[in-house]
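In: The following block contains a protein sequence and its predicted model.
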Amino acid sequence: MIPVLIIGKSGAGKSASMRNLPKDSTIVINVLGKPLPFKNSLKSVQVDDYELIKRSISKAQYSVYVIDDAGYLITNHFMRDHANTGTGNAVFAMYNKLADDFFKLIREIQDMHSQARVYIIMHEEKNDMGDVKPKTIGKLLDEKVCLEGMFTICLRAMIVQNKHIFRTQSDGLDVAKSPMGMFESSEIDNDLNAVDEAIKEYYNIGGSEDEADK
């Protein structure tokens, strides 16, 4: 499968970018269960259980999977567990598990034998050096894993001159990136369907009816 990371501030157009995705070949894994910010008939399921998410994606029944608010997989598990964790080594073990679970989700998606695309949408944060990265909890994912380094394609949702866009290449301070020649510009419309079409063309992925089975 092809995992794609999308980061941005709240209100930057991350969820709205799904507005043109085809309903017959798309499913939204809605971690928080929030209503999408547009009228739609996209299939959507609310789940924040890692095993259920991996099981659903591994079936490859759809061409496009969107894990919306994926960062809350980490946050939800933290909020459920931290009050009963205790101190010392138990706290360290909890943070290890938070990092391990999210890391394994990305790795298992990468290892699934399908040409489906999995869009992983997260909030962004700025560190002390001014660098913009995916927002996580704790330092283990940031310092030991480099989450954005696990993706070939990372788009940043932004508002530029009152227009919602995706940045496809870094400005030197964020982690936006994409393969050479995949997109025509460093700033494109925040249309996830157009992004998906560009990815399909770049990797020579076939028609929507049978591509998930290849």
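Out: Happy to help now that I have it. Residues are numbered from 1 along each chain as shown.
In: Just to be sure, Lys104 is in a strand?
Out: No: assigned with DSSP: H, G, I helix; E, B strand; the rest coil, Lys104 falls outside any strand and is helix.
In: ok, it - contacts?
Out: Tyr50 (Cβ atoms under 8 Å, 6 or more residues apart in numbering). The way it works is simple: take the backbone N, C-alpha and C, and place the C-beta from them, glycine included.
In: strands paired with the longest strand along the chain, and their directions?
Out: In the chain, with assignment by DSSP state E, the single longest strand is strand 117-126. On the basis of DSSP bridges, the sheet neighbours of strand 117-126 come out as strand 2-8 (parallel), strand 64-68 (parallel), strand 132-134 (antiparallel).
In: what pLDDT, on average, does it get?
Out: Averaging pLDDT along strand 117-126 gives 94.
In: Off-centre distance for that strand?
Out: 4 Å (Cα atoms, centre = their mean, to the nearest Å).
In: Just the CA atoms of it, as PDB, please.
Out: C-alpha atoms of strand 117-126 as PDB (Å, rounded to 0.1, in the frame of the first residue of the first chain):
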ATOM      1  CA  ARG A 117      -3.600   4.600  -1.000                       C
ATOM      2  CA  VAL A 118      -3.800   5.300   2.800                       C
ATOM      3  CA  TYR A 119      -4.000   9.000   3.700                       C
ATOM      4  CA  ILE A 120      -3.000   9.600   7.300                       C
ATOM      5  CA  ILE A 121      -4.200  13.000   8.500                       C
ATOM      6  CA  MET A 122      -2.500  14.600  11.600                       C
ATOM      7  CA  HIS A 123      -2.200  18.000  13.200                       C
ATOM      8  CA  GLU A 124       1.100  19.800  13.000                       C
ATOM      9  CA  GLU A 125       3.200  21.400  15.700                       C
ATOM     10  CA  LYS A 126       6.200  23.700  15.700                       C
END
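In: If you count neighbours, what's buried in it?
Out: 117-124 (16 or more other Cβ atoms under 10 Å).
In: Does anything pack onto the host helix or strand of Ala194? Which helices or strands?
Out: Using DSSP states H and E, Ala194 sits in helix 192-202. If you count contacts as 3 or more Cβ pairs under 8 Å, 6 or more residues apart in numbering; DSSP states H and E, helix 192-202 packs onto strand 2-8, strand 117-126.
In: and the first one with helix 192-202, angle?
Out: Which is strand 2-8. On the basis of axes from the mean of the first three to the mean of the last three Cα atoms, to 10 degrees, strand 2-8 is oriented at 140 degrees to helix 192-202.
In: Same question for the longest one.
Out: Strand 117-126 and helix 192-202 meet at an angle of 120 degrees, taking the same axes, to 10 degrees as the criterion.
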